[in-house]
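Asks: structure for this input, please:
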Amino acid sequence: MSSAKARRKIWKYFIVDVVAKNKANCIICHQTLQRGGKDSRTYRTSALINRLRFRYLSEFTEYLKASEIPGSGQMQRMECETAQYVPAAKKRKQVVCSENIY
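Replies: Presented below is the predicted three-dimensional model:
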């Protein structure tokens, strides 16, 4: 699976806003997120992926499994990166990995 096809899997959790095409609505919490600039060539999915990664760990893990490129080891690296959350501050969480897999 190409990385473009892998990124498309994120749209299971988000819907493009009808009024503002440069925004997406989260299906889980119904919040609106920016997805890039004003031009469609600058729209990105990284903000959407990070929303899942830091707010909805089970959905993020499901997304990773669905978008894994066979043989790449991507899933193993990402599982390690998101395995343990240690509260670092009230607003952010720090990710800690107990093993080195590289």
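
Asks: alpha carbons only for contacts and neighbour counts from here, please
Replies: Fine.

Asks: okay, now Asn22: neighbour count?
Replies: Neighbours of Asn22 under the rule other C-alpha atoms under 10 Å: 19.

Asks: Ser40 is in contact with that one, correct?
Replies: Yes - using C-alpha atoms under 8 Å, Asn22 is in contact with Ser40, at 7.3 Å.

Asks: how about the strands in the chain?
Replies: Under the criterion DSSP state E, the chain carries strands at the ranges 14-16, 23-26, 32-34, 84-87, 93-96.

Asks: which of these has the lowest mean pLDDT?
Replies: Of all these, strand 84-87 carries the lowest average pLDDT, namely a mean of 46.

Asks: may I see the buried residues of stretch 53-65?
Replies: Neighbour-count burial for stretch 53-65 flags 53, 59-61, 63-64 (criterion: 16 or more other C-alpha atoms under 10 Å).

Asks: rebuild those residues as CSV, extending it with distance to His30 and pLDDT.
Replies: Output for the buried residues of stretch 53-65, formatted as CSV (distance: C-alpha to C-alpha, whole Å; pLDDT from 0 to 100):
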residue, distance to His30, pLDDT
Arg53, 16, 92
Glu59, 15, 92
Phe60, 17, 91
Thr61, 20, 90
Tyr63, 18, 90
Leu64, 22, 88
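
Asks: helices - which of these land there?
Replies: 53, 59-61, 63-64 (DSSP state H).

Asks: reformat those as a markdown table; add distance to Ser46.
Replies: Shown next, in a markdown table, are these (distance: C-alpha to C-alpha, whole Å):
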| residue | distance to Ser46 |
| --- | --- |
| Arg53 | 10 |
| Glu59 | 15 |
| Phe60 | 13 |
| Thr61 | 15 |
| Tyr63 | 13 |
| Leu64 | 13 |
